[in-house]
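> The following comprises the amino acid sequence and a computationally predicted model.
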Amino acid sequence: MRRFFSRLTGPTAYRRLVVIALAALYLNIVSGALVRVTNSGLGCPDWPLCKGKPTPPFQFHGLIEFSNRVIALAVIVAAILLAIAAWRSIRQQSKWLFRGSLSIGILTFLQGPLGGLTVLLDLHPIAVMSHFVLALIVLLISVVLTIETFEISPDWSPTPPGWLPAGGVILTIWAWIVIISGAIVTMSGTHPGSDNVPRLWNLLDSAYLHVRVAASFVVAYGLFLVVLARVIHPPRVVTRLAWALVITIAGQIVIGEWQWHTQLPWWLVLTHVSLGTLSLAIAGAFGWILMISRRPARRLR
């Protein structure tokens, strides 16, 4: 055991666990979306067991729901190991990175009982939304830790203007609102998590809201990129993240229109949610680098 924990010491081990935690968190969100869009949320109507047993029955909905629980457990383990690595490696060097790592462990651990409460409340829309929102918060924290670990405040030449960090904050919050409005559409549509689950809102009204929030973000983001390209010469990592977000947004527009005109098939909704979560992660990375653009470049050693 001592030998195992010794491997959790040092910046290299910490970096690896940051990436593992980020990938596991994303996979957990996608698997949770799979539960919802296949209406498998009550495939295991009790918690933490599944129909009174430690393993699920060999049925589609039960297997989907239980698989999400297994992935969630793996995420909890990864988050705990990340917290241990942060304690052993960077606690003295960067207290705020340590606190961020610890918050991932705590919030991920809370996802377990919150998921159980969601099941016990028969997938009440507010409980499901809370489960999803908390997962997005943890994902964004892990994105920030990844940026801070691998590419901390790239060199800007010349020094960027003072409004750039504020632009990063606004774009990240705006992207967050787009994802939340999309989640409202999902909870109001044909895939609320299980049969006979109440909808959060009227589907047409929620879709109307989501489309307009998303369109406003696209326009604002496009104008921001034009200004960024003409006024500033951004570092390569900023340019790559900007283009990555453009590509994912374009994909989201195509898939969003496709799913709406094909009566919301579950696999297209799943693709839309998965790509939307990826878009939020990229927007978070892009926004964070803009927020710290006036900070001196440095690296974790």
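Nice, thanks for sending it over.

> Report the buried residues of the host helix or strand of Gly284.
Here Gly284, judged by DSSP states H and E, is contained in helix 266-291. Neighbour counts over helix 266-291 (16 or more other CB atoms under 10 Å) mark 266, 268-291 as buried. C-beta here means a position set from N, CA and C on the backbone, and glycine is covered the same way.

> With stretch 77-85 instead?
For stretch 77-85, a neighbour-count test (16+ other CB under 10 Å) marks 78-85 as buried.

> from the chain's centre, how far out does it sit?
For stretch 77-85, the separation from the chain centroid amounts to 18 Å (computed by CA atoms, centre = their mean, to the nearest Å).

> sorry, back to before: just list what the helix holding Gly284 packs against, helices and strands only.
helix 11-37, helix 125-150, helix 164-188, helix 236-261 (3 or more CB pairs under 8 Å, 6 or more residues apart in numbering; DSSP states H and E).

> go again using 10 Å as the cut-off
Applying 3 or more CB pairs under 10 Å, 6 or more residues apart in numbering; DSSP states H and E, we find helix 266-291 packed against helix 11-37, helix 125-150, helix 164-188, helix 203-231, helix 236-261.

> pLDDT weak spots in the stretch 51-200 of the chain?
For the stretch 51-200 of the chain, the stretches with pLDDT under 70 are 151-154, 193-195.

> quick one on the thing from earlier: would you list the buried residues of stretch 77-85 in a markdown table and tack on secondary structure and distance to Ser206?
Converted to a markdown table, the buried residues of stretch 77-85 look like this (DSSP: H, G, I helix; E, B strand; the rest coil; distance: CB to CB, whole Å):
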| residue | secondary structure | distance to Ser206 |
| --- | --- | --- |
| Ala78 | helix | 34 |
| Ala79 | helix | 32 |
| Ile80 | helix | 37 |
| Leu81 | helix | 39 |
| Leu82 | helix | 36 |
| Ala83 | helix | 37 |
| Ile84 | helix | 42 |
| Ala85 | helix | 41 |
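
> just those now: which is nearest Leu121?
Taking CB to CB as the measure, Ala79 is the one of the buried residues of stretch 77-85 closest to Leu121, at 24.4 Å.

> Next one: the closest one from Ala21, what distance?
Distance, Ala79 to Ala21, by CB to CB, to the nearest Å: 6 Å.

> Give the residues shared as contacts by those two.
Here Ala79 and Ala21 have 101, 104-105, 108, 138, 142 as joint contacts, going by CB atoms under 10 Å, 6 or more residues apart in numbering.

> Buried members of these into ChimeraX, please.
Selecting only the buried entries of the shared contacts of Ala79 and Ala21 in ChimeraX, with 16+ other CB under 10 Å as the criterion:
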select :101,104,105,108,138,142
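
> I'd like the helices and strands packed on helix 266-291 as a markdown table, with distance to Trp47 appended.
Output for the helices and strands packed on helix 266-291, formatted as a markdown table (distance: least, CB to CB, whole Å):
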| stretch | distance to Trp47 |
| --- | --- |
| helix 11-37 | 13 |
| helix 125-150 | 12 |
| helix 164-188 | 20 |
| helix 203-231 | 28 |
| helix 236-261 | 30 |
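
> mind checking which helix or strand Asp155 is in?
Taking DSSP H and E as the definition, one finds Asp155 inside no helix or strand.

> burial of it, as a residue count?
7 (other CB atoms under 10 Å).

> what's the answer for Thr186, then?
Counted with other CB under 10 Å, the neighbours of Thr186 add up to 28.
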